[in-house]
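Participant: Provided below are the primary sequence and the corresponding predicted coordinates.
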Amino acid sequence: MRSIGFNKPYFTGKELDYIMEAVSREKISGNGYFTQKCHRLLEQRYGIKKVLLTSSCTDALEMCALLLNISEGDEVIMPSYTFVSTANAFVLRGARIVFADSMPSNPNVSVASIEQLITPRTKAIVVVHYAGISCDMDQVMSLARSKNLFVIEDAAQGIESRYKGKPLGSIGHLATFSFHETKNVISGEGGALLINDQTFIQRAEILWEKGTNRSAFFRGEVDKYNWIDIGSSFLPSDITAAFLLAQLEAIDAIQKKRMFLWNAYYAGLKHLKSVGVGLPEIPQDCQHNGHIFYLVCRSGQEREDILKFLNSNGVNAIFHYLSLHKSQFYARSHSGGDLPNCDKYHDCLIRLPLYFELSVEDSAYVIGLVSAFFENRPAGQPSADF
């Protein structure tokens with residue numbers, strides 16, 4: 001029987017060479033040669049005013065909360081269908097998280113849901129580009145401008161995706177990338193803070209360097225560095241950046257293969273839409289990056305059944321997020337009412353294996369299993385509301 005894992009980290013072949021070069025340069029702590037090369041590459045490729053690599057996307061989100069001076073009494077609106085780090089970064093600063101519902105057609109946040117939740121205490125909106133598929137950023141930015149709010153793009157899954165031709169991460173006031181080993185481009189753990197509002201750049205650099213003006217010192221702008229502000233050790237080792245650079249240099253090849261596999265899944269499974277199974281819907285203005293291929297089953301029980309079926313046949317398919325508004329930690333604090341679309345994805349969404357080294361034969365095997373499962377479902381199987 002085949003054994004197909006959910007994810008397998010891809011190595012370009014240059015990672016160890018670059019790591020050895022970093023070692024030979026005798027500067028393996030943060031903000032070294034490879035860190036600065038990654039910064040320039042990301043800034044130029046995506047049109048970002050300033051990029052700062054971080055030890056994780058979580059760290060980058062925490063920097064966003066610090067830069068916005070989030071504090072006790074502030075409210076931050078975000079989708080409930082997201083990873084815990086999106087919320088944790090702001091909870092740590094004392095904010096009250098107000099969870100919005102997802103779209104009926106995809107797991108991205110509903111702008112109409114956001115608008116209903118804005119109060120005089122709202123300070124920021126955080127959007128999450130699920131599966132590298134963009135939220136409606138024109139609506140989000142227009143709403144934010146009208147209410148004088150900041151927008152943060154959690155683009156953890158969004159590198160190489162675009163909205164109306166604009167790279168994700170280049171639209172909000174602040175944004176974040178993830179380079180976790182499950183992402184398209186990886187460094188094991190790792191992330192980046194993306195700054196599109198010039199007013200945040202100087203302070204971001206200070207927060208990043210433990211609250212000091214150390215970066216300015218090394219550029220010769222001050223004669224000694226000092227403790228200027230709050231901060232932490234958010235920057236990664238230059239060894240991590242060396243690994244990441246090898247990945248970034250191969251991004252075109254990585255994307256070509258991922259999109260090939262994503263398109264194969266869609267072509268092989270699109271017939272399931274006729275029986276009420278949800279597939280990713282790509283809005284006309286969006287160019288996605290093939291990060292996740294998901295299905296939305298017609299019931300929670302059906303999802304459990306197909307996961308068991310696939311795993312029993314050697315395919316490690318998995319579910320995704322659990323709704324944060326129903327989490328053990330935050331359920332008592334949630335007062336935003338029911339979030340039915342979010343609950344649908346919580347109960348019914350599954351992700352299929354998708355990674356660079358997944359073979360055409362293995363992807364065809366997965367397609368065949370999924371098709372066979374739904375062809376053999378008993379008549380009268382409940383359908384989802386799409």
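Facilitator: That came in fine, so what should we check first? Residues are numbered from 1 along each chain as shown.
Participant: got the contact list for residue 340?
Facilitator: By C-beta atoms under 8 Å, 6 or more residues apart in numbering, residue 340 lies in contact with residue 101. For glycine as for every other residue, the C-beta is placed from the backbone atoms N, C-alpha and C.
Participant: Please tell me how far it sits from residue 348.
Facilitator: The gap separating residue 340 from residue 348 is 12 Å, by C-beta to C-beta, to the nearest Å.
Participant: residues near the closest residue to residue 327 other than its chain neighbours, how many?
Facilitator: Nearest in space to residue 327, with sequence neighbours left out and distances taken as C-beta to C-beta, 6 or more residues apart in numbering, is residue 84 at 7.6 Å. Using other C-beta atoms under 10 Å, residue 84 has 15 other residues around it.
Participant: Touching, residue 84 and residue 324? I think so.
Facilitator: Yes - in this structure, residue 84 is within contact of residue 324 by C-beta atoms under 8 Å, at 6.6 Å.
Participant: where does the residue nearest to residue 327 land on pLDDT?
Facilitator: Note on residue 84: pLDDT of 96.
Participant: Residue 379 now?
Facilitator: pLDDT, read off for residue 379, is 44.
Participant: mind showing which ranges of the chain have poor pLDDT?
Facilitator: Along the chain, segments meeting pLDDT under 70 span 336, 378-386.
Participant: show me where the stretch 151-300 of the chain has strands.
Facilitator: Counting by DSSP state E, counting those that start in this stretch, the segments of the stretch 151-300 of the chain that form strands are 162-163, 166-167, 174-178, 191-195, 286-287, 294-296.
Participant: Show me what the third one is packed against.
Facilitator: Based on contacts counted as 3 or more C-beta pairs under 8 Å, 6 or more residues apart in numbering; DSSP states H and E, the elements that strand 174-178 packs against are helix 57-67, strand 150-154, strand 191-195.
Participant: Which one of these lies nearest to residue 14?
Facilitator: Shortest distance between residue 14 and those, using C-beta to C-beta, is found for strand 191-195: 19.5 Å.
Participant: starting at the chain centroid, how far to that closest one?
Facilitator: The chain centre lies 12 Å from the centre of strand 191-195; the measure is C-alpha atoms, centre = their mean, to the nearest Å.
Participant: Strand partners (parallel or antiparallel) of that strand?
Facilitator: Partner strands and pairing direction for strand 191-195 (DSSP bridges) are strand 50-54 (antiparallel), strand 174-178 (antiparallel).
Participant: deepest of those, which one?
Facilitator: strand 174-178 (a mean of 29; mean count of other C-beta atoms under 10 Å).
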